[in-house]
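Asker: Need a 3D model of the sequence below.
(one chain, ligands or ions: 1)
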Amino acid sequence: MPNLHIENLTPFAYPASIGEVGFIWEARNEKETLVLAKNKDEEFFIKIVKKENHFLLKSDKITKPTDANLLKEALNEYKKGVKGIEIFSNTSISKKKSEKNSNLLKKIDFFSKISKEKREIWLEIGFGSGRHLLHQAKENRDVLIIGIEIYKPSIEQVLKRAHLEGVENIYLIDYDARILMEFLNSNSIGKIFVHFPVPWDKKPHRRVISKEFTNEALRVLKKDGFLELRTDSELYFDFALKTFLDFEKTIINIEKNMDLPISSKYEDRWKRLNKDIYNVKIFSKKVDDPIKPPSKLIFSGEFLPINFDLKNRIFKDKDFFLKVEEVYETESEKYLLKVAFGSFDMPEHRYVVIEKNSAYYFPHQVYSTRANKEAHEVLQSWLKDG
Ligand SMILES: C[S@@+](CC[C@H](N)C(=O)[O-])C[C@H]1O[C@@H](n2cnc3c(N)ncnc32)[C@H](O)[C@@H]1O
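Answerer: Take a look at the predicted model:
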């Protein structure tokens with residue numbers, strides 16, 4: 001993870017532009033300082049933590065840009081602006097790393113507009129090293145393949161490989177696939193691949209495949225399209241089969257130890273250990289009604305001054321929760337909260353920037369799933385009434 005260690009750090013005044021990077025404001029609490037940086041079109045925090053004899057500057061997990069170079073550039077420019085002595089850094093930008101097709105990386109808003117896409121669309125969820133995704137893209141140049149992954153280094157790596165291998169018919173997105181499904185039009189996708197998902201044998205509620213996910217997958221699939229689960233876990237296979245069989249009208253296809261034209265990194269690993277490989281496909285056999293994609297949650301009202309007792313405040317209901325993890329102050333009349341909320345299986349993590357007459361989620365909007373909406377209403381009442 002890119003980071004800098006600086007002794008005797010004295011910051012500069014905000015806002016400031018150094019090189020191509022803007023440093024807009026900072027927020028602090030007793031543990032750390034967050035500096036809002038803007039590089040290209042991305043806004044994110046640099047986190048500064050006081051250590052015994054120096055300051056550690058690093059990325060912030062929630063706002064970290066997918067392109068690690070944006071963060072490295074911001075750390076390097078920040079270093080030029082402050083007074084202090086650098087004692088360690090690993091922020092050099094290698095030329096090779098910047099060779100990638102960033103135009104293939106999309107944000108969630110893009111998917112509400114994907115209805116205009118004329119090409120056949122397939123999805124791959126949790127593509128990891130991207131072997132299967134890139135293979136499919138090269139074999140099917142007229143198909144658009146959307147890769148969904150929550151691990152940013154995998155996205156970086158696949159963007160780079162796509163550039164080197166001349167693959168242009170993919171879009172990648174850094175998002176939880178279980179939430180992304182709600183943005184896709186009904187009957188719009190030909191195939192969905194879920195290959196070697198984390199089995200979560202002890203915590204099955206965290207699996208990608210669930211009744212709700214399968215229901216959404218069957219809605220977004222075209223009639224006769226399929227969702228394919230490939231796994232080495234017999235428990236996951238049994239669970240998926242049982243979940244799929246609960247649907248009224250469908251066709252299910254099962255294969256055991258049958259090779260695909262390409263073997264993924266995980267598949268190779270399990271084959272070396274002589275594990276059985278299960279492949280189960282569920283086909284959509286109906287045409288679904290269109291849906292509206294979820295709307296964005298917005299705050300309304302007057303919010304300041306905020307209540308500092310909010311730190312560590314928790315609200316728990318049967319289907320949702322809200323926790324304020326940190327509260328930060330700024331020099332101006334602006335506050336920042338770090339919050340976790342939504343459903344227990346798919347929690348959201350965001351900052352909330354609070355000014356006198358406005359508050360907004362950062363770095364992305366929050367979409368109005370039922371659990372998010374209920375948590376948002378509790379948060380709004382805490383901000384207004386303390
Ligand atoms: C065990 S790896 C398998 C990677 C690849 N499919 C393969 O076969 O080599 C599972 C991948 O799923 C990703 N993942 C887990 N939960 C996810 C979610 N909810 N949405 C998108 N990706 C997810 C993980 O980051 C990880 O890269």
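
Asker: quick one: the closest residue to the ligand within the stretch 251-386 of the chain and residue 154, what's the gap?
Answerer: Per Cβ to the nearest ligand atom, residue 264 is where the stretch 251-386 of the chain lies closest to the ligand, at 3.2 Å. (C-beta placed from N, C-alpha, C; glycine too.) Residue 264 sits 12 Å away from residue 154, going by Cβ to Cβ, to the nearest Å.

Asker: just residue 166 next, same as before
Answerer: With distances taken as Cβ to Cβ, residue 166 is found 20 Å from residue 154.

Asker: more neighbours, the two?
Answerer: residue 154 (18 against 8; other Cβ atoms under 10 Å).

Asker: Can you name the residues of the stretch 151-300 of the chain sitting close to the ligand?
Answerer: 151, 154, 176-178, 195-198, 208, 264-267 (Cβ under 6 Å from any ligand atom).

Asker: Out of those, which comes closest to residue 352?
Answerer: Nearest to residue 352 among these: residue 176, at 19.4 Å, using Cβ to Cβ.

Asker: That closest one: neighbour count?
Answerer: 17.

Asker: Check the secondary structure at the closest residue to residue 320 other than its chain neighbours for me.
Answerer: Leaving aside its chain neighbours, residue 320 sits nearest to residue 371 (3.8 Å; criterion: Cβ to Cβ, 6 or more residues apart in numbering). Classification of residue 371 by DSSP: H, G, I helix; E, B strand; the rest coil places it in helix.

Asker: How many neighbouring residues does residue 371 have?
Answerer: Neighbour tally, residue 371, other Cβ under 10 Å: 21.

Asker: tell me the contacts of it?
Answerer: Applying Cβ atoms under 8 Å, 6 or more residues apart in numbering to residue 371 gives the contacts 319-320, 342-343, 346.

Asker: ditto for residue 313
Answerer: Residue 313 neighbours (Cβ under 8 Å, 6+ apart): 323-324, 382.

Asker: least trustworthy position among those residues, going by pLDDT?
Answerer: The pLDDT minimum for the contacts of residue 313 sits at residue 382, where the score is 92.

Asker: Just the C-alphas of the strand or helix carrying that residue, formatted as CSV.
Answerer: Here residue 382, judged by DSSP states H and E, is contained in helix 370-385. Provided in CSV are the C-alpha atoms of helix 370-385 (Å, rounded to 0.1, in the frame of the first residue of the first chain):
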residue,chain,number,x,y,z
ARG,A,370,-34.8,-0.8,1.8
ALA,A,371,-32.2,-1.3,4.5
ASN,A,372,-30.2,1.8,3.3
LYS,A,373,-33.3,3.9,3.3
GLU,A,374,-34.2,3.0,6.9
ALA,A,375,-30.7,3.6,8.1
HIS,A,376,-30.5,6.9,6.3
GLU,A,377,-33.7,8.1,8.0
VAL,A,378,-32.2,7.2,11.4
LEU,A,379,-29.0,9.1,10.5
GLN,A,380,-31.0,12.1,9.3
SER,A,381,-32.9,12.3,12.6
TRP,A,382,-29.6,12.0,14.6
LEU,A,383,-28.2,14.9,12.6
LYS,A,384,-31.2,17.1,13.1
ASP,A,385,-32.1,16.3,16.7
